[in-house]
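Here is my input; please provide its structure:
(4 chains)
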2 protein chains.
Amino acid sequence: MAGTDAASPGKSVTERAFAVLMSFDMGHRQMTLSQISRRSGLPVATTFRLLNHLEAIAAVQRDPAGRYAIGPKIWELGILAPTHDVIGMGTRPLLLRLATKSGMMVRVFVCNGERALCVEEVLANGASAPGSGPGMTLPLIESAAGHVLMGGMTTAARSALPLTRTAFARMEEGIAAATERGWAQRSDAAGHIEYAVPIRAEGRPPMALSLSTAPTVSAATRPGVSIETMIPEMRGVARSLAAILAPAHRTGSDPLATTRRESGDE
Amino acid sequence: MAGTDAASPGKSVTERAFAVLMSFDMGHRQMTLSQISRRSGLPVATTFRLLNHLEAIAAVQRDPAGRYAIGPKIWELGILAPTHDVIGMGTRPLLLRLATKSGMMVRVFVCNGERALCVEEVLANGASAPGSGPGMTLPLIESAAGHVLMGGMTTAARSALPLTRTAFARMEEGIAAATERGWAQRSDAAGHIEYAVPIRAEGRPPMALSLSTAPTVSAATRPGVSIETMIPEMRGVARSLAAILAPAHRTGSDPLATTRRESGDE
DNA sequence: ACAAACCTTTTCACTCAGCGAAAAGAAAGC
DNA sequence: GCTTTCTTTTCGCTGAGTGAAAAGGTTTGT
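Alright, predicted model coming up:
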């Protein structure tokens, strides 16, 4: 299921158009019309019309076989997202050093709806883990990175998450504690451990730096690698990342300070 | 001006919503409401409503100052575009080798409307040229890469470009010649030279591999570097790229052969 | 060869979601 | 304090969106 039925009244056209786009995911990078219709929950005719509109502006693309895929225009827009700055701005060496030192998987996450979105992933040995990598997402509630990210949200925003009253209370407590001490920890059923610390770059949505054993179960027994030694390491890297990312955020708007009327707007 | 006035009747809502999104560019990564309204040519109230819809689905994001930016959702969708595969699939070493050998700037382009969109850029010394890099675009008609890309289009598609009758005829001739010999060349007023060859990966929209002197004017006099030696080099790299990119395209659809009913569509 | 099943594309009458001028409310600048 | 510019809300009109249904293609199975 890709979203909760985007058909039926009360839904804006924009929502529907994006329901079409969001029916794409890593396992469905190119699809036929009817596939998209089924996954988005929209009637075929509607899907067809929307896809036509989207194709006209290169938001989607058709391959020789007639199947649809996300178009170059979306990609072009995507790299303008603040999210994208984590990649290719000299952050990789930093992350790689941390990966090597810890023997663990290093990731950077941002908040995307009710999920933590992985923006960058670095393993000590290069190559990403299968089924993982940038673009992968994790539920906010079920990850250390998620808990760190939620610490940067308002309580109001958090209460929008679909949780029972008690689960919410428990979560709030956990987040408060994590925010207090500056890091979060989580281990899943399989015994994999994840640590996360916040990355707070000026004027930029909060991000999280995450260190996890999965899926390469090597680490944790490595000499000198423990939670006591790693958290400070992570904090240092997070601070460096924040420093790298902060100034670049101003690009294209006010090079000086507050809101000043731009000259050539149109 | 970002696009030719998206207001006024005859325009679909989708078109308008994207007019809002497309008013962002490298020089305008975060904008205020009225800035977006002006640049998209849409009334403020309309822009406001559209931005609200877009924000609800994380297609746009607001920073602490209330300014809008492209949201993480668009980024997430963008990396699903076939376009994105050129990055981070082991293609970099190939391109870097070519950059080093030639001393020139190496780029990969795809076609995006009437412009060639740069997907990857590699210089011999790492770091991109200022004002350049992935996401940058060039008019199809004014670049060697563009001519190569147009060679993969139908004449009908090409005739959609805004050109005079004679300019079109001249262009058609140039494209035919370039397609014939398998590469294109162009030099601009400043004396910078660009070569381009097609990258034809199976089942994937055509791409172009481009080699240019700008903006690092070093090369061209380097021993052993000439058009005669570089075109074959480029052809080789293009073929390797096509080989790397072709099989991955099937990801998420039919792992075997033709159209087969997918099991868990929804 | 024929039929069944599935896909894409077109049509069309209905109506609901989008529209945008205008007014009200906030902030910044003078 | 007054002006200018920006954001947000309201509201009656209407045209763009809608989706069932039918037509036209293509593939699969027998």
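
Could you say which helix or strand holds residue A:106?
Under the criterion of DSSP states H and E, residue A:106 resides in strand A:105-112.

try residue A:18
helix A:13-22.

just to revisit the earlier point, what lines up beside the strand holding residue A:106 in the sheet?
Sheet pairing for strand A:105-112, assigned by DSSP bridges, gives strand A:115-122 (antiparallel), strand A:207-212 (antiparallel).

rewinding a little: is there proximity between the next helix or strand after the helix holding residue A:18 and chain B?
Beyond helix A:13-22 on the C-terminal side, the first helix or strand identified by DSSP H and E is strand A:30-31. Yes: Strand A:30-31 is in contact with chain B by C-beta under 8 Å from any C-beta of the partner chain, via A:30, A:31. Just so you know, the C-beta spots here come from the backbone N, C-alpha and C atoms, and that holds for glycine as well.

Helices of the stretch 151-266 of chain A, residue ranges please.
A:155-158, A:165-181, A:227-248 (DSSP state H, counting those that start in this stretch).

about what we covered before: other SSEs contacting the helix holding residue A:18?
Judged by 3 or more C-beta pairs under 8 Å, 6 or more residues apart in numbering or on different chains; DSSP states H and E, helix A:13-22 is in contact with helix A:33-40, helix A:44-56, helix B:13-22, helix B:44-56, helix B:72-78.

any idea of the mean pLDDT for the first one?
Across helix A:33-40, the average pLDDT comes to 97.

okay, the angle between it and helix A:13-22?
110 degrees (axes from the mean of the first three to the mean of the last three C-alpha atoms, to 10 degrees).

Helix A:33-40 and DNA strand C, are they touching?
Yes: Helix A:33-40 comes into contact with DNA strand C (C-beta under 7 Å from any atom of the strand), by way of A:33, A:34, A:35.

Which residue would you name as the spatial centre of chain A?
In chain A, the residue lying closest to the centroid (C-alpha atoms, centre = their mean) is residue A:117, at 1.6 Å.

in the sheet, who's paired with that residue?
residue A:110, residue A:137.

That one contacts residue A:107, correct?
No: Residue A:117 is not in contact with residue A:107 according to C-beta atoms under 8 Å; the separation is 10.3 Å.

Mind telling me which residue of the stretch 101-250 of chain A is nearest chain B?
residue A:112 (4.3 Å; C-beta to the nearest C-beta).

Spit out the contact partners of that residue.
Applying C-beta atoms under 8 Å, 6 or more residues apart in numbering or on different chains, we find residue A:112 in contact with A:137, B:58, B:71, B:72, B:73, B:76.

Farthest-apart pair in those residues, please.
Farthest apart among the contacts of residue A:112 by C-beta to C-beta are A:137 and B:71. That separation is 14.1 Å.

ok, the two, which is more surrounded?
Each of residue A:137 and residue B:71 has its neighbours counted (other C-beta atoms under 10 Å in any protein chain shown); residue B:71 has more, 26 against 19.

which ones are touching that one?
By C-beta under 8 Å, 6+ apart, the contact set of residue B:71 is A:81, A:83, A:112, B:54, B:55, B:57, B:58, B:59, B:60, B:61.

So which of the residues you listed wins on neighbours?
Going by other C-beta under 10 Å, residue A:83 tops the contacts of residue B:71 with 30 neighbours.

Verify the contact between that residue and residue B:69 for me.
No: Residue A:83 is not in contact with residue B:69 according to C-beta under 8 Å; the separation is 9.0 Å.

Would you mind finding the most buried of the helices of the stretch 151-266 of chain A?
Each of the helices of the stretch 151-266 of chain A was given a mean neighbour count from mean count of other C-beta atoms under 10 Å in any protein chain shown, and the largest, a mean of 16, is that of helix A:227-248.

now that helix against strand A:105-112, angle please.
50 degrees.

Helix A:227-248 to helix A:165-181, inter-axis angle?
80 degrees.

Can you give me every residue that contacts the closest residue to DNA strand C within the stretch 51-200 of chain A?
Nearest residue of the stretch 51-200 of chain A to DNA strand C: residue A:66, at 6.0 Å (C-beta to the nearest atom of the strand). Taking C-beta under 8 Å, 6+ apart as the contact definition, residue A:66 lies against residue A:32.

And residue A:126, how close does it get to residue A:209?
19 Å (C-beta to C-beta, to the nearest Å).

Kindly report the same for residue A:171.
Relative to residue A:209, and taking C-beta to C-beta, residue A:171 is found at 21 Å.

secondary structure element for residue A:66?
Per DSSP H and E, there is no helix or strand for residue A:66.

What distance do you get for it to DNA strand D?
Distance, residue A:66 to DNA strand D, using C-beta to the nearest atom of the strand, to the nearest Å: 9 Å.

Which pLDDT does the model give that residue?
For residue A:66, pLDDT reads 92.

Alright, calling it a day.
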